[in-house]
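> Provided below for reference: sequence and predicted model.
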Amino acid sequence: MNKKIFSGVQPTGNLHLGNYLGAIQNFVKLGKDQNNECIYCVVDLHAITVKQDPKLLTENIRETVATFVASGIDPKKNIIFNQSKVAAHAEAAWIFSCVARMGWLNRMTQFKEKAGKDKEKASVGLYSYPILMAADILLYDATHVPVGDDQKQHLELSRDIAQKFNNDFNKENFFKVPEPLIQKEFSRIMSLRDGTKKMSKSEISDLSRINLTDNKDMIISKIKKAKTDPLPLPPNLDELENRPEAKNLLGIYSSLKNINLDQAVNEFSGKNFSDFKEKLIEVLVDKLEPISKEINKLMSDKNYLNEILNNGYEKADNIASKKVTKLKEIIGFY
Ligand code: AQP
């Protein structure tokens, strides 16, 4: 079966190793398969759920495109565009906010994590974010959505919205019910400063993540400073449990080397962290240095990045505007 792939990344700056290993690496692989039709979106409407500096946002939109291309996504074969240009996303999101139930949104753990203790001060957009995400996906009849493990719950909400709409309006299959595509091994990369917290762009400490724009010296310094524990590396997976930092670093190593976690555990069994970190630095630099150099190069060619977004916009708008017109007809708008 041909797959229709849709996924997005927020242009909130500092795209990191978690975004790469959890999502972008998968985008590249799927984009290379001739049987897939892939749409990759810079989700700038999602980005403004928290305050953004306008100039920086514009720059970050381009940097996200540059990161896609530098990582290996071919803009000629795949559609790359920014969400705010295609009006259908916001239109469908309103309609879906009348389909989704409060109880569904109240269960979303990411809102609870991101809003923290002061929920009253969080934007309404941060709360309803998964509804906009459903619009992104369903407008393109996406069959598969490659995401990191942290987005699984949001994707389930998209599925619920699709099913409820189809049932409510007796339109079987009007919206395709999308499947998540989540890396089987090591789908959540954790902070380098705290192995129990997700690696995240918005974390204040830059030492908590490897940015895709970090150069070799920065990678070396961040890995050397990465939190560990006092024991040597364990001989098996069981003994890795309850050692979140060791598990995270070995997981990163295994993902980059494309091996299983237990193979990585075997390779470093009984070794101390400093030996292991040397090897980890080697594979990280090998993988990321060419990407960061390419991002820098592409960022100096604004016209090229704008051209990718404009071409992508035309193609995306053509698909989404037709779908939203049909959606409105079904509802009874005219
Ligand atoms: N730590 C992670 N491990 C694995 N996958 C991750 N992703 C994000 N962090 C990790 C995946 O990257 C894709 C794009 O994410 P996003 O930028 O749209 O939003 P996010 O999940 O909210 O990422 P951040 O870094 O935590 O951003 P901020 O701090 O701005 O909110 C998604 O597929 C995500 O699963």
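Thanks, I have the structure now.
> residues touching Tyr127, list them.
By CB atoms under 8 Å, 6 or more residues apart in numbering, the contact set of Tyr127 is 105, 111, 115. Where C-beta positions appear, they are placed from N, C-alpha and C, glycine not excepted.
> For the first one, what is the enclosing helix or strand?
This means Leu105. Using DSSP states H and E, Leu105 sits in helix 102-106.
> For that helix, give me every contacting residue.
Residues contacting helix 102-106 (CB under 8 Å, 6+ apart): 111, 127-128, 130-131, 157, 160.
> which of these lies closest to Glu203?
Closest to Glu203 out of these is Phe111 (17.4 Å), distances taken as CB to CB.
> what's the distance between the closest one and Phe273?
From Phe111 over to Phe273 the distance is 36 Å, taken as CB to CB, to the nearest Å.
> Let me know the distance separating the residue nearest to Glu63 when sequence neighbours are not counted from Pro180.
Residue nearest to Glu63 in three dimensions, not counting chain neighbours: Met299, with 6.3 Å by CB to CB, 6 or more residues apart in numbering. From Met299 across to Pro180, the span is 31 Å (CB to CB).
> same deal with Ile5?
The value you get for Ile5 to Pro180, if CB to CB is used, is 11 Å.
> Please apply the same query to Ser221.
For Ser221 relative to Pro180 (CB to CB), the value is 35 Å.
> between the two, who's got more neighbours?
When Ser221 and Pro180 are compared for neighbours, Pro180 comes out ahead with 17 against 13, by other CB atoms under 10 Å.
> wait, doesn't the more buried one sit right on Lys152?
Yes - applying CB atoms under 8 Å, one finds Pro180 in contact with Lys152, separated by 5.8 Å.
> just checking, Met128 is part of a strand?
Not Met; residue 128 is Ser. No - applying DSSP: H, G, I helix; E, B strand; the rest coil, one finds Ser128 to be helix, outside a strand.
> Could you pull up the residues touching the residue of the stretch 101-250 of the chain found nearest the ligand?
The ligand sits closest to Gly148 of the stretch 101-250 of the chain, with a gap of 2.4 Å, by CB to the nearest ligand atom. Counting by CB under 8 Å, 6+ apart, Gly148 touches 18-19, 22-23, 182-183, 187-188.
> Please identify the buried residues of stretch 40-55?
40-49, 52 (16 or more other CB atoms under 10 Å).
> Apologies, that question was intended for stretch 110-129.
Under the neighbour-count rule (16+ other CB under 10 Å), stretch 110-129 has 111, 114, 122, 125-129 buried.
> Which single one of those residues is nearest to Tyr253?
Tyr253 has its nearest neighbour among these in Lys114, at 28.7 Å by CB to CB.
> What separation do you get for that closest one and Ser321?
31 Å.
> still on that earlier bit, so what's in contact with Ile5 and Pro180 at the same time?
What both Ile5 and Pro180 touch, as defined by CB under 8 Å, 6+ apart, is the set 144-146.
> and those residues, which are buried?
Judged by 16+ other CB under 10 Å, buried ones among the shared contacts of Ile5 and Pro180: 144-146.
> quick revisit: nearest to Phe268, out of the contacts of Tyr127: which one, please.
Closest approach to Phe268 among the contacts of Tyr127 (CB to CB): Phe111, at 37.7 Å.
> Please name the residues that touch the closest one.
Phe111 sits next to 105, 122, 126-127, 129 when contact means CB under 8 Å, 6+ apart.
> How is this protein partitioned into domains?
3-187+301-331, 213-297 (automatic domain parsing).
> For the last one, the averaged confidence score.
What that stands for is domain 213-297. Domain 213-297 shows a mean pLDDT of 95.
> Stretch 23-39 too?
Average pLDDT, stretch 23-39: 93.
> Tell me the gap between that stretch and the middle of its chain.
14 Å (CA atoms, centre = their mean, to the nearest Å).
> OK, contacts around the residue nearest to Ser71 when sequence neighbours are not counted?
Closest residue to Ser71 apart from its sequence neighbours, by CB to CB, 6+ apart: Ile24 at 5.1 Å. Applying CB under 8 Å, 6+ apart, we find Ile24 in contact with 9, 15, 67-68, 71, 73.
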